[in-house]
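Fold the following and give me the result.
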Amino acid sequence: MDISISGSLEGDLGIEKMINNLKEIDGKAVEGGIFGGFEQKKAIWQEYGTSRGIPSRPFLRNALYENESRFASFILPYLQNVLEGGSADGVFDALGPFMAMSIQRSIASGGFAALAPSTIKKKGHSKPLLDTGAMYGAVTWKKV
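Residues are numbered from 1 along each chain as shown. Next up is the predicted model:
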């Protein structure tokens, strides 16, 4: 006994449009962090430490490592929207602020090397990375 099934698909399935929509995203990226000025310098000193006694307090790397899978899950509905003809900018406009918030959350959560007693006395508290709030407030994102 032989059973055979045959058939064909005709017409536009929308695959070409989906591919073209995804090409709008290809080669583009979004970055979160602190870009330019003295706050960027302070962020680098804190992230990697210095030879002058500032220990490494990796708030940027922590934000990436702790949220990498969250970022991927977060953008899935936005990618689906692009496949359906939505704006590619929507992916970046959603992910960028989410990344910046994740970095700020990393700063606020602490868990970094303790401040020196002299620094605590000067600042009036023992929270690393939080002094004037300028570095925290400088966290932003950009499309690249």
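
can you pull the buried residues of the lowest-mean-pLDDT helix or strand in the chain?
Ranking every helix and strand in the chain by mean pLDDT, DSSP states H and E puts helix 15-23 at the bottom, with a mean of 82. When burial is assessed from 16 or more other CB atoms under 10 Å, helix 15-23 yields the following buried residues: residue 21. To be clear about C-beta, it is placed using only N, CA and C from the backbone, and glycine gets the same treatment.

which helices and strands does it pack with?
helix 59-83 (3 or more CB pairs under 8 Å, 6 or more residues apart in numbering; DSSP states H and E).

Past the helix it packs on, which element shows up next along the chain?
helix 89-109 (DSSP states H and E).

List the contacts of the helix or strand just after that following helix.
As assigned by DSSP H and E, the chain's next helix or strand after helix 89-109 is helix 117-123. Applying CB atoms under 8 Å, 6 or more residues apart in numbering, the set of residues contacting helix 117-123 from outside is 115, 126, 131.

and the helix or strand harbouring residue 142, how far from the chain's centre?
Element membership for residue 142, per DSSP H and E: strand 140-143. Computed by CA atoms, centre = their mean, to the nearest Å, the chain-centroid distance of strand 140-143 equals 9 Å.

Check what contacts that strand and list those residues.
Contacts for strand 140-143 (CB under 8 Å, 6+ apart): 28-35, 89, 92, 95-97, 99-100.

can we see that at 6 Å?
The contact list for strand 140-143, computed with CB atoms under 6 Å, 6 or more residues apart in numbering, reads 30, 31, 32, 92, 96, 99, 100.

what do you get for stretch 88-103?
24-25, 30, 32, 63, 67, 74-75, 78, 82, 139-141, 143.

now the residues you listed: which count as buried?
25, 30, 32, 63, 67, 74, 75, 78, 82, 139, 140, 141.

Give me the residue at the spatial middle of the protein.
The residue lying closest to the centre of the chain (CA atoms, centre = their mean) is residue 99, at 3.1 Å.

mind checking pLDDT for that one?
The model reports residue 99 with a pLDDT of 95.

Now compare the contacts of strand 140-143 and name the two farthest from each other.
Pairwise distances across the contacts of strand 140-143 (CB to CB) peak at 12.1 Å, for the pair 92 and 100.
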